[in-house]
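got a structure for you, letters missing:
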Ligand code: NAD
């Protein structure tokens, strides 16, 4: 049986944990209430900043940039190395705040902080590998090469559901690339943001790096908009809903700024006739019901071959009935709360739309623990068997709601996978090499993440993360995503003593 902490217990735990991470609670005091999805009650009140403060913060960051860009990249990496040590030291504390403010179960909250440590490791290595290429020049006695330079101030806007890791993906890489960061976190997760920032501030102070390399600005949409519109922000990296990206992208483009958009997903798994169903069931349940369906990579659709659809649906429904729902910080819980009432209402509305389209609820739906936590919104993860992929299936509902549709021909499964506006993650469960290869090929899934025999969520930091279409096209984290945080210069160096022109142009004077 789950036990939901009282308001005073949770509030005391949050404040004490934030303090341990180095947060100066007096300095961030204010009158904006914050709450926890765990019990739906208030945690504390906090101060919000305004657009004028964003302007000041960007000014301070620009000053820090002038100094930091002169520091050699490997020396910049040393700062990130120290930061990783502090994150490891505060791993449990930061995870506790993630659980309190975003509702993640302890194991996933710890995983989020581990991801921060991992990206720091990656960035430290990267600090010695910001390679530019040298190309053969067509002219004798000339060298043609490219160099990568720090870009400038990076603005980061982040979503509630990855309140810590997304910022670190951007920040660890930005710092080794020579860029300061100004961060506007989600309104729902301010204490996590302050605690994360405190760990980096400590590393910066110990390292003797410019104080304003990293700043957090708490506030509402107007703070985000000020960051979006500020001409001093060279790169705006924004993670959140497609609605937000649609507002932000054109505004940054209008001032010729660079943007990196990480937006909504509507991720599917194709389960073929040859799939290992044990594996598929485990992969699907984690990806669809884990994190209470609140990951951008959460699996929202299963496209099952008609020969396995009934058995798969029955097994998924049986697994869903066994999922322990409750206090995310209690051992054994696998499904925590939805972030708020709005999220629950959106899930209920989607189920109503789906049944209106001929869908049949085969598992879950409805609220859990309404008696124990009347102000919180624990949803029973739901599965709806759909006659086809209707409009409600094609939209992202940010909740544990999984639709099952069927197919006969594999090519049709790929069409269904691709026939949604979003393009973040996808997977295929199959033992058939041809199907697996086809799915990852140019004719296969059109997503930024395409997996075989694992679910759609739980990416590692080593690969570039992001998606196509309405997911925004951005890539962050590993691989060569660092290039978004630097500017490229192409250099031609003439050591010939002559002045031959390219393409054989003759301009003799
Ligand atoms: P949201 O769009 O409501 O808010 C995200 C952030 O954007 C918040 O900090 C918010 O204050 C800010 N914001 C909103 N409107 C803005 C505007 N007009 N200008 C500037 N800033 C603005 O999203 P959410 O509910 O916090 O998070 C859930 C959504 O985020 C889902 O759609 C999910 O798929 C997506 N998400 C995507 C990724 C990814 O990497 N692709 C990762 C996590 C979450």
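Ah, there it is. Because the structure is predicted, anything quoted here is derived from the model rather than measured.

residue closest to the middle of the protein?
Geometric centre of the chain, nearest residue: residue 166, 4.9 Å, by C-alpha atoms, centre = their mean.

distance of residue 252 from residue 155?
9 Å (C-beta to C-beta, to the nearest Å). Yep, even glycine has a C-beta here, placed from its N, CA and C like the rest.

who has more neighbours out of these two?
Taking other C-beta atoms under 10 Å, residue 252 and residue 155 do not tie; residue 155 has more neighbours (30 against 22).

could you list everything that one pairs with in the sheet?
Beta-bridge partners for residue 155, by DSSP bridges, are residue 182, residue 236.

oh, and call the first residue 269 from now on, that's how I've got it
Sure, I'll start numbering at 269, so the last one becomes residue 423.

ends of stretch 418-432, what's the gap?
Its start and end residues considered, stretch 418-432 measures 24 Å (C-alpha to C-alpha, to the nearest Å).

and it, does that touch the ligand?
Yes - contact of stretch 418-432 with the ligand (C-beta under 6 Å from any ligand atom) involves 425, 426, 427, 428, 429, 430.

and the second one, backbone torsions?
If I follow you right, that is residue 426. phi -130, psi 160 (degrees, to the nearest 10).

and what of the first one?
Residue 425 has phi and psi values of phi -110, psi 130 when expressed as degrees, to the nearest 10.

which pLDDT value goes with the closest residue to it other than its chain neighbours?
Among residues not flanking residue 425 along the chain, residue 506 sits closest, at 4.2 Å (C-beta to C-beta, 6 or more residues apart in numbering). pLDDT for residue 506: 98.

what of residue 270?
On pLDDT, residue 270 comes in at 88.

who are the contact partners of residue 591?
Counting by C-beta atoms under 8 Å, 6 or more residues apart in numbering, residue 591 touches 553, 557, 602, 603, 649.

check contacts around the last one.
This means residue 649. Residue 649 makes contact with 556-557, 560-561, 588, 591, 593, 603, 631-632, 668-670 under the criterion C-beta under 8 Å, 6+ apart.

give me that answer again for 7 Å
The contact partners of residue 649, taken as C-beta atoms under 7 Å, 6 or more residues apart in numbering, are 557, 561, 588, 591, 603, 632, 668.

could you do the first one as well?
With contacts defined as C-beta under 7 Å, 6+ apart, residue 553 is in contact with 584, 587.

helix, strand, or coil at it?
The three-state assignment at residue 553 reads helix, by DSSP: H, G, I helix; E, B strand; the rest coil.

got the phi/psi numbers for whichever residue of the stretch 569-718 of the chain sits closest to the ligand?
Using C-beta to the nearest ligand atom, residue 666 is the residue of the stretch 569-718 of the chain that sits closest to the ligand, at 5.1 Å. Dihedral pair for residue 666: phi -80, psi 70, per degrees, to the nearest 10.

got a quick ChimeraX command for the buried subset of the residues of stretch 418-432 next to the ligand?
Here is the ChimeraX command that selects the buried residues among those (16 or more other C-beta atoms under 10 Å):
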select :425,426,427,428,429,430
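
can you list the residues of stretch 418-432 next to the ligand in a markdown table and add pLDDT?
Converted to a markdown table, the residues of stretch 418-432 next to the ligand look like this (pLDDT from 0 to 100):
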| residue | pLDDT |
| --- | --- |
| 425 | 98 |
| 426 | 98 |
| 427 | 98 |
| 428 | 98 |
| 429 | 98 |
| 430 | 98 |
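
can you tell me which of the residues of stretch 418-432 next to the ligand lies nearest to residue 525?
Nearest to residue 525 among the residues of stretch 418-432 next to the ligand: residue 425, at 13.0 Å, using C-beta to C-beta.

in the strand or helix carrying residue 651, what's buried?
Residue 651 belongs to strand 650-653 when assigned by DSSP states H and E. For strand 650-653, burial by neighbour count (16+ other C-beta under 10 Å) applies to 650, 651, 652, 653.

could you export those residues to CSV, including columns for pLDDT?
Listed next are the buried residues of strand 650-653 as CSV, based on pLDDT from 0 to 100:
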residue, pLDDT
650, 98
651, 98
652, 98
653, 98
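
picking that back up, now, the contacts of residue 649 that are in helices?
Secondary structure from DSSP state H places 557, 588 of those in helices.

residue 562 against residue 429, yeah?
Yes - checked against C-beta atoms under 7 Å, the pair residue 562 and residue 429 is within contact range at 4.7 Å.

residues from the protein in reach of the ligand?
425-430, 452, 454-455, 489, 492-493, 496, 507-509, 512, 515-516, 530-533, 564, 664, 666, 692, 739.

wait, doesn't residue 707 sit right on residue 713?
Yes - using C-beta under 7 Å, residue 707 is in contact with residue 713, at 5.7 Å.

between those two, which contacts overlap?
By C-beta under 7 Å, 6+ apart, residue 707 and residue 713 have these common neighbours: residue 682.

and the helix ranked longest in the chain, what does it pack onto?
Among the segments of the chain that qualify as a helix by DSSP H, the longest is helix 374-394. Where contact means 3 or more C-beta pairs under 7 Å, 6 or more residues apart in numbering; DSSP states H and E, helix 374-394 is packed against helix 341-357, helix 359-370, helix 433-445.

list the buried residues of that helix.
With burial defined by 16+ other C-beta under 10 Å, the residues of helix 374-394 counted as buried are 374, 376-388, 390-392, 394.

equivalent analysis for stretch 471-478, please.
Across stretch 471-478, burial judged by 16+ other C-beta under 10 Å covers 471, 472, 475, 477, 478.

in TSV: the residues you listed, plus pLDDT, secondary structure and distance to residue 765.
Output for the buried residues of stretch 471-478, formatted as TSV (pLDDT from 0 to 100; DSSP: H, G, I helix; E, B strand; the rest coil; distance: C-beta to C-beta, whole Å):
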residue	pLDDT	secondary structure	distance to residue 765
471	98	helix	49
472	98	helix	48
475	96	helix	45
477	98	coil	43
478	98	coil	43
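
pick the one among these closest to the ligand.
residue 472 (23.1 Å).

what is the burial count for the closest residue to the closest one other than its chain neighbours?
Excluding its sequence neighbours, the residue lying closest to residue 472 (C-beta to C-beta, 6+ apart) is residue 481, at 5.6 Å. The tally of other residues near residue 481 (other C-beta under 10 Å) stands at 26.

residue 759 too?
Residues within reach of residue 759, counting by other C-beta under 10 Å, total 11.

angle of the host helix or strand of it against helix 341-357?
Following DSSP H and E, the helix or strand that holds residue 759 is strand 754-762. Strand 754-762 runs at 160 degrees relative to helix 341-357, counting by axes from the mean of the first three to the mean of the last three C-alpha atoms, to 10 degrees.

list of residues touching strand 754-762?
Strand 754-762 is contacted by residues 398, 405, 409-419, 445 when judged by C-beta under 7 Å, 6+ apart.

if we use 6 Å, what do you get?
Outside strand 754-762, the residues that touch it by C-beta atoms under 6 Å, 6 or more residues apart in numbering are 410, 411, 412, 413, 414, 415, 416, 417, 419, 445.

and the fifth one, how far from the ligand?
Right, residue 414. Distance, residue 414 to the ligand, using C-beta to the nearest ligand atom, to the nearest Å: 29 Å.

ok, so of the residues of stretch 418-432 next to the ligand, who is nearest the ligand?
Using C-beta to the nearest ligand atom, the residues of stretch 418-432 next to the ligand come closest to the ligand at residue 427, 3.2 Å.

isn't the closest one up against residue 507?
Yes - using C-beta atoms under 6 Å, residue 427 is in contact with residue 507, at 5.0 Å.

if we can go back for a sec, got the angle between the longest helix of the chain and helix 359-370?
Going by the same axes, to 10 degrees, helix 374-394 makes 120 degrees with helix 359-370.

I appreciate the help and will end here.
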